[in-house]
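S.K.: Take this sequence and fold it.
(chains A and B)
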Amino acid sequence: MKIVLTPDWFLGPDVSIEIFSFLVLLAFFIYSIRSYKINKNKNALYLGIGFLIIALAEISTILTKFVLYYDTTFVQVVGQMVVTNHVVRSVDIFYNIGFFMYKLLTLVGLYIIYRIPLKRSAKRDVILGACFVLLSGFSSYLIFQIFHLTSIVLLGLIIYNYSEIYKKNKSKNTCILITAFLILLLSHSIMLLHSRFLYVFAQFSQLISYLILLVLIIKITRTSNDKKKK
Amino acid sequence: MIKKRNKTEIIFDMLKIIQEKGKIKPTHLMYKANLSHVQMKVYLEEMIKNKLIEKRIDKGKSLIFIAKKGNEFCEKFAQVKEFEETFGL
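M.R.: Below you'll find the model as predicted:
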């Protein structure tokens, strides 16, 4: 049974893309925590938590795909019907939990990032939003489109927030950030079409998005050093 | 409305002023950093304690110099500010 949309020739490279995404997210988490430690800005801490949760989501999908891609070899080596069936069932449960965690954690992380730039609102609103996100996460277990749709909505709202910030600060970095999130939104939109061929495009869009985020973090470090030299 | 500076931002502003000048008299620093005498005294003590700056006597006058740790702090804080500006934090 084919569980993922990944074409056979793309098994492996897709995990590499996810490992790369995880590392970029981890870099943003470290930067956010560093920012919080120096400036005691709580929003930086929340941003870091948001990035960490999405990074954990990536780890979840990486581990699941590793098991998924390599379980066939294991079954062939064992070669006994009863044992094989048992193994497949365990793997079944494992990947179901793995992909479910990926979806849930991604949505929670995106929701946290979306909430940060907003002015403090009533706790009830936060709880209501969180409930919808959790509900979407759980429903995604049955209907995968719900996950991508919710991600698209959250990414759209994040882009809107950052475009409002860009209007105020006119920072090139914020513009780069918006571009990265836009491409990530595009990636989720492609995923929504549920096509094996388009899945590769979606994965490449994700790669481009995280490459842009990597450029952004390098730029932040370099710009600061240049400013100092000037 | 101009946002009130927090403690770290004041220290960063002071370090930037010392960095630009190379060395500075405490009174000049007080005016340039827009601080009261009491505030200045407290911040200077803390910065000396944390080895961010050095106070030396040159020709009978007290002068403030930035230390290596102070330069490193400036660099780190500039990056943090850039990061916060990007995300509108």
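
S.K.: Could you use CA atoms for every contact and neighbour count after this?
M.R.: OK.

S.K.: So the residue nearest to B:Ile64 when sequence neighbours are not counted, which state does it fall into?
M.R.: Among residues not flanking B:Ile64 along the chain, B:Lys55 sits closest, at 4.7 Å (Cα to Cα, 6 or more residues apart in numbering or on different chains). Secondary structure state of B:Lys55, per DSSP: H, G, I helix; E, B strand; the rest coil, is strand.

S.K.: Tell me how far B:Lys55 lies from chain A.
M.R.: Distance from B:Lys55 to chain A, counting by Cα to the nearest Cα, to the nearest Å: 23 Å.

S.K.: Number of residues surrounding that residue?
M.R.: The tally of other residues near B:Lys55 (other Cα atoms under 10 Å in any protein chain shown) stands at 17.

S.K.: Same check on B:Phe87?
M.R.: 22.

S.K.: What helices and strands are in contact with the helix or strand A:Ser32 falls within?
M.R.: Here A:Ser32, judged by DSSP states H and E, is contained in helix A:13-39. Helices and strands touching helix A:13-39, by 3 or more Cα pairs under 8 Å, 6 or more residues apart in numbering or on different chains; DSSP states H and E, are helix A:42-78, helix A:196-229, helix B:7-21, helix B:68-87.

S.K.: Export those helices as JSON lines, with columns for distance to A:Leu25 and mean pLDDT.
M.R.: Output for those, formatted as JSON lines (distance: least, Cα to Cα, whole Å; pLDDT from 0 to 100):
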{"stretch": "helix A:42-78", "distance to A:Leu25": "5", "mean pLDDT": "80"}
{"stretch": "helix A:196-229", "distance to A:Leu25": "8", "mean pLDDT": "82"}
{"stretch": "helix B:7-21", "distance to A:Leu25": "27", "mean pLDDT": "89"}
{"stretch": "helix B:68-87", "distance to A:Leu25": "14", "mean pLDDT": "89"}
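
S.K.: quick one on the thing from earlier: now do the helix holding A:Ser32 against helix B:68-87, angle only.
M.R.: Angle of helix A:13-39 versus helix B:68-87, following axes from the mean of the first three to the mean of the last three Cα atoms, to 10 degrees, is 120 degrees.

S.K.: so how far is chain B from A:Thr106?
M.R.: A:Thr106 is 19 Å from chain B, by Cα to the nearest Cα.

S.K.: B:Leu63 - that's part of a strand, no?
M.R.: Yes - the assignment for B:Leu63 by three-state DSSP puts it in a strand.

S.K.: Quick check: closest non-adjacent residue to it.
M.R.: In space, B:Leu63 is closest to B:Lys25, 4.8 Å off (Cα to Cα, 6+ apart).

S.K.: Kindly state the pLDDT recorded for that neighbour?
M.R.: Note on B:Lys25: pLDDT of 90.

S.K.: shouldn't it be in contact with B:Gly60?
M.R.: No - checked against Cα atoms under 8 Å, the pair B:Lys25 and B:Gly60 is beyond contact range at 11.7 Å.

S.K.: more crowded one of those two?
M.R.: Shown here are B:Lys25 and B:Gly60; by other Cα under 10 Å, B:Lys25 has more neighbours (14 against 7).

S.K.: Ramachandran angles for the more buried one?
M.R.: When quoted as degrees, to the nearest 10, the phi and psi of B:Lys25 stand at phi -80, psi 150.

S.K.: close enough to count as contact, A:Tyr36 and A:Leu47?
M.R.: No - using Cα under 8 Å, A:Tyr36 is not in contact with A:Leu47; the gap is 9.8 Å.

S.K.: higher neighbour count, the two?
M.R.: Comparing A:Tyr36 with A:Leu47 by other Cα under 10 Å, the one with more neighbours is A:Leu47, at 27 against 20.

S.K.: okay, now the nearest residue to that one once chain neighbours are set aside: neighbour count?
M.R.: In this structure, A:Leu47 finds its nearest non-sequential neighbour in A:Ile113, 5.8 Å apart by Cα to Cα, 6+ apart. Here the number of neighbours of A:Ile113 (other Cα under 10 Å) works out to 24.
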